[in-house]
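Asks: The sequence and its predicted three-dimensional model are supplied below.
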Amino acid sequence: MKTSCSRRDFLKLAGLGVAGAALAPRPGQAAAAGGKRPNILFIASDDMRPQLGCYGDTVVKSPNLDALAARGMVFKRAFCQQALCSPSRISLLSGRHPWTTQIYQIGPPLRSTLPDIVTLPQLFKNNGWFTRSLGKIFHIGIDDAASWSVPSWTSKTMRYDPDNVAKVKAAADKLRAAGREIPQKGQGAPQFAGAAFSAPDCADDALTDGDITNKAIAELREFAQKPEQPFFLGVGFVNPHVPWVAPKRYYDFYPLADLKLPANRYVPKNAPAYAAKSGDDFYWYSNVPKDRVISDDFGRRCLQGYLAAISYVDACIGRVLAELDKLGLRENTIIAFWGDHGYYMGEHSWWGGKHNNYEGATHAPLIVAAPGMKAAGKPTEALVEFVDIFPSLAELAHLPLPDGLEGKSFAPLLDDPKLPWKAVAISEYPKGGHQGTAMRTDRYRYVEWRDKKGQPVDCELYDHASDPQENENIAGQPEQAKLIKELAAQLAACRQRKRSM
């Protein structure tokens, strides 16, 4: 089926012959209603760390994601494979670690390194599902046409409020008048002429995520008219990625006087200088102090904006889920919600950033609700990786797994969240000319740094039993030498196992 075919043509063709095929349940799988092929609602939020009520946060207001968690499962310890938008999403959607995709930066598309790969949505498409991408699923501008039944859709509605839109336009006009190229990223790009946070007094629909919500609802209504045609609908929201732009009413949820800043506003002690850094893009926005000194007052305003953006996305997701229920689609739909990586809001002095191998950057939210799951409403402490999402959704939909996947299906956890599970979760990030690989065990975070020749040059060790915020690297303590040797051997075994997959 060509990706350029019309939506209605695809629905008509894909519904012939196979739409009513029943699927026998397998052990550990959640069964779809009546044995029908389940739909997939695949919801992403950009730069959302696991700061939600269902993760134990008492400040944020996230009633809709909390309600989803009550009907599904919260994965308390889920980790992305790289704390950067495009590499993380490519890893998740391909089911491969970055050490296999070899994509560690925003720019290269997946098929520049793996031209013949079958992605997660492509697997569903190839087996008769209608696959659709709205908003940011792959990175905007770095899409994968083969994954989708029709071209991806992105919102044209403004991200900023009108005042900031004018500033961004003026910055672009100035560059254009000077005959200079208009950069999309990096310091000097027009988008950074706007403020890092903004609270326009407007309706939800007036901003990008509200527009994405409306489009998702419209798609669901069309799908409901063709119930025999299963769908894979990706809905990618742009918040709470900086700039934190949300309608004022969400800002009002969080009075500045009530917000507390993190106590550990210092880099991890004894960490390599090149490792203990985050990204720079936050500091390029127009209202961020150019000396990079974030006062307590400005920090609280940033935190207010971030929390408001989370609540705005939560409200948007609530509208989508309400429509799913209204249309009678919930009982035959697997819902997966995820954020592409973690985020820092002042911890370790990092603001609006990720770009490293630490817990705050790699720990990300993951909630899954599947028809028939036995442990609905129960969380799991199992270590899972985002590469596990691909085989999990495929198993739940009874699809054969393509060769080369590097994750493990967590479908059995949906029935028993306390099953013995993975020993480690792996993340990577290149920093300062070194390649860093982090291994999260039940208790420790071990990070190994290698030079361009592949030789080890540094390591970090954080004990989550005594230091859950990773405030001090204890790798240099003599009493840790034996443990470091054991963890290094464990990481080497993981590398060898992945190479043989």
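Replies: Looks like it came in fine.

Asks: What strands line up against the helix or strand where residue 384 lies, and which way round?
Replies: Using DSSP states H and E, residue 384 falls within strand 380-385. Looking at strand 380-385 with DSSP bridges, its partner strands are strand 73-79 (parallel).

Asks: so after the strand holding residue 384, what's the next helix or strand?
Replies: Next element after strand 380-385 (DSSP H and E): helix 389-396.

Asks: Run through the neighbouring helices and strands of that next one.
Replies: helix 85-94, helix 120-126, strand 333-339 (3 or more Cβ pairs under 8 Å, 6 or more residues apart in numbering; DSSP states H and E). No exception for glycine: its C-beta is placed from N, CA and C like everyone else's.

Asks: I'd like the average pLDDT over the second one.
Replies: Put plainly, it is helix 120-126. Taken as a whole, helix 120-126 has a mean pLDDT of 98.

Asks: how much distance is there from that helix to the middle of the chain?
Replies: Centroid separation between helix 120-126 and its chain, computed with Cα atoms, centre = their mean, to the nearest Å, is 19 Å.

Asks: Pull the residues that contact that helix.
Replies: Helix 120-126 has contacts (Cβ atoms under 8 Å, 6 or more residues apart in numbering) with 1, 40, 42, 92-95, 118, 131, 133, 137, 144, 146-149, 230, 232, 234, 389-390, 393-394, 397, 399, 402.

Asks: Buried ones from those residues, can you make that a PyMOL selection?
Replies: Only the buried entries of the contacts of helix 120-126 go into this PyMOL selection, using 16 or more other Cβ atoms under 10 Å:
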select buried, resi 40+42+92+93+94+95+118+131+133+137+144+146+147+148+149+230+232+234+389+390+393+394+397+399+402
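
Asks: Surely residue 134 and residue 215 touch.
Replies: Yes: taking Cβ atoms under 8 Å as the definition, residue 134 is a contact partner of residue 215 at 5.3 Å.

Asks: And for the closest residue to residue 394 other than its chain neighbours, the neighbour number?
Replies: The shortest distance from residue 394 to any non-neighbouring residue, by Cβ to Cβ, 6 or more residues apart in numbering, is to residue 401 (5.6 Å). Residue 401 sits with 15 neighbouring residues when counted by other Cβ atoms under 10 Å.

Asks: show me the contacts for residue 401.
Replies: Per Cβ under 8 Å, 6+ apart, neighbours of residue 401: 391, 394-395.

Asks: Of the residues you listed, which is the nearest to residue 274?
Replies: residue 391 (34.4 Å; Cβ to Cβ).

Asks: In contact with the closest one, which residues?
Replies: 95, 401, 405, 407-409.

Asks: per-residue confidence for it?
Replies: Looking at residue 391, its pLDDT is 98.

Asks: just the one 3 residues further on next, same as before
Replies: The score at residue 394 is 98. That number is its pLDDT.

Asks: Quick check: which of the helices and strands packed on helix 389-396 is buried the most?
Replies: Compared across the helices and strands packed on helix 389-396, helix 85-94 shows the largest average neighbour count, a mean of 26 (mean count of other Cβ atoms under 10 Å).

Asks: if we can go back for a sec, contacts for the strand holding residue 384?
Replies: Strand 380-385 has contacts (Cβ under 8 Å, 6+ apart) with 73-81, 366, 407, 410, 413, 417-419, 421-426, 440-442.

Asks: measure the nearest residue to residue 64 once chain neighbours are set aside to residue 480 for me?
Replies: In space, and not counting its chain neighbours, residue 64 is closest to residue 318: 3.1 Å by Cβ to Cβ, 6+ apart. Using Cβ to Cβ, to the nearest Å, residue 318 is found at 46 Å from residue 480.

Asks: Identify each buried residue in the helix or strand harbouring residue 301, please.
Replies: Assigned by DSSP H and E, residue 301 belongs to helix 296-326. Of all the residues in helix 296-326, those buried under the rule 16+ other Cβ under 10 Å are 298-321, 323-324.

Asks: so who does the residue positioned nearest the centre of the chain touch?
Replies: Closest residue to the average C-alpha location of the chain: residue 340 at 1.5 Å, with Cα atoms, centre = their mean. Residue 340 makes contact with 44-47, 80, 85, 88-89, 92, 364 under the criterion Cβ under 8 Å, 6+ apart.

Asks: Residue 255 now?
Replies: For residue 255, the contact set (Cβ under 8 Å, 6+ apart) is empty.

Asks: Likewise for the one 4 residues further on?
Replies: For residue 259, the residues meeting the contact criterion (Cβ under 8 Å, 6+ apart) are 59, 300, 303-304, 307.

Asks: Show me which of those is closest to residue 205.
Replies: residue 307 (21.1 Å).

Asks: Strands of the stretch 401-501 of the chain, start to end?
Replies: Taking DSSP state E, counting those that start in this stretch to define them, one finds strands in the stretch 401-501 of the chain at 425-431, 434-440, 444-450, 456-463.

Asks: related to what we said a few turns ago, widest-spaced pair of the contacts of residue 259?
Replies: Across the contacts of residue 259, the two members that end up farthest from each other (Cβ to Cβ) are 59 and 300, 12.0 Å apart.

Asks: want to throw the contacts of residue 401 into CSV with distance to residue 114?
Replies: What follows is the contacts of residue 401, written out as CSV (distance: Cβ to Cβ, whole Å):
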residue, distance to residue 114
391, 17
394, 18
395, 22
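
Asks: Out of the residues you listed, flag the one nearest to residue 469.
Replies: In terms of Cβ to Cβ, no member of the contacts of residue 401 lies closer to residue 469 than residue 391, at 32.1 Å.

Asks: How about the contacts made by the closest residue to the closest one other than its chain neighbours?
Replies: Residue nearest to residue 391 in three dimensions, not counting chain neighbours: residue 409, with 4.2 Å by Cβ to Cβ, 6+ apart. By Cβ under 8 Å, 6+ apart, the contact set of residue 409 is 388, 391-392, 394-395.

Asks: any idea which of those residues is the one closest to residue 222?
Replies: For the contacts of residue 409, the closest approach to residue 222 (Cβ to Cβ) belongs to residue 394, at 24.7 Å.
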